[in-house]
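Peer 1: Okay, predicted coordinates and the sequence, questions at the end:
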Amino acid sequence: RKHGDLPVDGGMEGCCDEDNRCEDEEFLRQTFLNSCEQRKESPKCESASNEDKLRLYGLYKQATVGDVNVPIPKASGGQTQYYTALAKWEAWSSMKGVPKQQAMGEYIFLVRAILLGSPRRAGSDDERSLGSPLGASSSGPLLFPAPGAD
């Protein structure tokens, strides 16, 4: 398997152990970066549900920054702008405590599921049928834009 290839054949076998610790951090990082590019370029990801876009946003921020480190947005500007900022903050905040590696893995999984046309929740029976090595995760409030749409 080539570094950065998005797994579409049943998962990331050999990448993570039974405790979801990645044995090949460089492979995980490259696959995550590739998934980020595919998310930006794919019309399927652009037309994904607001729920999935926000989940991607929260996972992306958790994977790249860690726990939310900015205050909750205050009402300012237009109403749409405020609610978008609030939804994004809540999506990221809902990931609090999730290790960066796990967030990367869940992001990879969700991008793959969207590209396959079958978005699924991490930890669900559907996820296991898609071959993800990840266990259950939190699911927070999800509504609007995807990562990079800041």
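Peer 2: All right, it came through fine.
Peer 1: next structured bit after the helix or strand hosting residue 55?
Peer 2: Using DSSP states H and E, residue 55 maps to helix 50-64. Later in the chain than helix 50-64, the nearest helix or strand by DSSP H and E is helix 79-93.
Peer 1: tell me the mean pLDDT for the helix or strand following that following helix?
Peer 2: Going down the chain from helix 79-93, the next helix or strand is helix 100-115, by DSSP H and E. Here helix 100-115 scores 94 as its mean pLDDT.
Peer 1: name the helices or strands packed onto helix 100-115?
Peer 2: helix 25-41, helix 43-46, helix 50-64, helix 125-130 (3 or more CB pairs under 8 Å, 6 or more residues apart in numbering; DSSP states H and E). Placement of C-beta: from N, CA and C, glycine included.
Peer 1: so which of these gets nearest residue 101?
Peer 2: helix 25-41 (6.2 Å; CB to CB).
Peer 1: what angle do that closest one and helix 50-64 make?
Peer 2: 140 degrees (axes from the mean of the first three to the mean of the last three CA atoms, to 10 degrees).
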